[in-house]
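Colleague: model this:
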Amino acid sequence: MCTIVTEPNKALRTVAIPVATEAITSDEIKGVIACMQKALHREPDGVAIAAPQIGKTLRIFIIAGFVFDLKRKNVGGVKSPDRIFINPEITKRSKETKWVPGEGCLSVRWVYGTVQRSKQATVRAYDQNGKKFTLSGSGLLAQIFQHECDHLDGVLFIDHAKDIRPMTEEEIADYKKELKEIAERDGRAS
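Modeller: Okay, here's the model as predicted:
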């Protein structure tokens with residue numbers, strides 16, 4: 001089943017293993033990617049997911065396509081596909097950092113904190129077809145690169161966040177209502 005595991009699941013605290021290059025296009029890895037996408041797309045506020053978040057300790061993460069649409073201000077156009085990152089490594093980070101408020105995680109649900117992140121980051125990885133690529137980003141994209149690579153190293157944002165705050169029951173109820181409306185509007189209702 002394609003469900004998101006939550007803290008204190010052991011997979012979240014395990015350093016993920018690289019995918020063998022020859023296995024990238026295998027049915028097994030295709031299945032893991034499909035499961036990750038299914039789990040991610042069930043969460044209207046999910047921007048990305050790492051394999052350990054579905055209990056698979058493999059070095060894979062996915063960024064939802066709409067993140068790239070936001071970056072390009074592509075509103076109402078053809079939607080961008082999800083981006084798959086296999087064996088990703090951050091090859092460059094800006095020295096300039098920023099404390100980013102409101103970072104959360106699908107595996108540490110309803111808890112948010114402020115995390116120090118590099119303003120820019122570059123990742124080198126393989127896509128689902130085994131093709132190597134490099135992608136640079138700033139702002140939200142750089143934050144996602146760092147958050148997801150942390151997952152692959154068994155690190156959660158709460159390990160280095162400050163001002164960690166769980167949402168109140170009322171805030172959670174209001175947010176869930178808002179997420180349901182977003183999902184229905186975008187045709188992602190489950």
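
Colleague: and the strands in this structure?
Modeller: For the chain, the strands defined by DSSP state E occupy 48-50, 60-63, 83-93, 97-103, 111-118, 120-126, 132-138, 161-166.

Colleague: now the ones you listed in a markdown table, with distance to His41, mean neighbour count and mean pLDDT?
Modeller: C-betas here are computed from N, CA, C, even on glycine. A markdown table is the format used below for those (distance: least, Cβ to Cβ, whole Å; neighbours: other Cβ atoms under 10 Å; pLDDT from 0 to 100):
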| stretch | distance to His41 | mean neighbour count | mean pLDDT |
| --- | --- | --- | --- |
| strand 48-50 | 9 | 27 | 98 |
| strand 60-63 | 10 | 26 | 98 |
| strand 83-93 | 14 | 19 | 98 |
| strand 97-103 | 21 | 15 | 96 |
| strand 111-118 | 22 | 20 | 97 |
| strand 120-126 | 21 | 20 | 98 |
| strand 132-138 | 21 | 13 | 97 |
| strand 161-166 | 25 | 14 | 97 |
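
Colleague: make TSV from those strands and add distance to Glu7 to it.
Modeller: Putting these into TSV (distance: least, Cβ to Cβ, whole Å) gives the following:
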stretch	distance to Glu7
strand 48-50	13
strand 60-63	17
strand 83-93	22
strand 97-103	15
strand 111-118	9
strand 120-126	24
strand 132-138	26
strand 161-166	12
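
Colleague: which of the ones you listed sits closest to Met1?
Modeller: Among those, strand 48-50 comes nearest to Met1, with 14.9 Å by Cβ to Cβ.

Colleague: quick one: furthest residue from the center of the protein?
Modeller: In the chain, Glu170 marks the outermost C-alpha relative to the chain mean, sitting 25.8 Å out by Cα atoms, centre = their mean.

Colleague: for Trp110, see how far away that residue is.
Modeller: To Trp110, Glu170 is 12 Å away according to Cβ to Cβ, to the nearest Å.

Colleague: which other helices and strands contact the longest helix belonging to the chain?
Modeller: Ordering each helix of the chain by length in residues (DSSP state H) puts helix 169-185 first. Helices and strands touching helix 169-185, as assessed by 3 or more Cβ pairs under 8 Å, 6 or more residues apart in numbering; DSSP states H and E, are absent.

Colleague: so where's the protein uncertain?
Modeller: Applying pLDDT under 70 to the chain flags the ranges 71-78, 183, 186-190.

Colleague: residue closest to the middle of it?
Modeller: Using Cα atoms, centre = their mean, the most central residue of the chain is Ala48, at 2.3 Å.

Colleague: that one is in contact with Ile63, isn't it?
Modeller: Yes. The criterion here is Cβ atoms under 8 Å, and Ala48 meets it with Ile63 at 4.6 Å.

Colleague: anything in contact with each of the two?
Modeller: Common neighbours of Ala48 and Ile63 are listed as 144, 148 (criterion: Cβ atoms under 8 Å, 6 or more residues apart in numbering).

Colleague: how much space between the closest residue to Leu179 other than its chain neighbours and Leu156?
Modeller: Take Leu179 and drop its neighbours on the chain: the residue closest to it by Cβ to Cβ, 6 or more residues apart in numbering is Pro44, 4.4 Å away. Distance, Pro44 to Leu156, by Cβ to Cβ: 21 Å.
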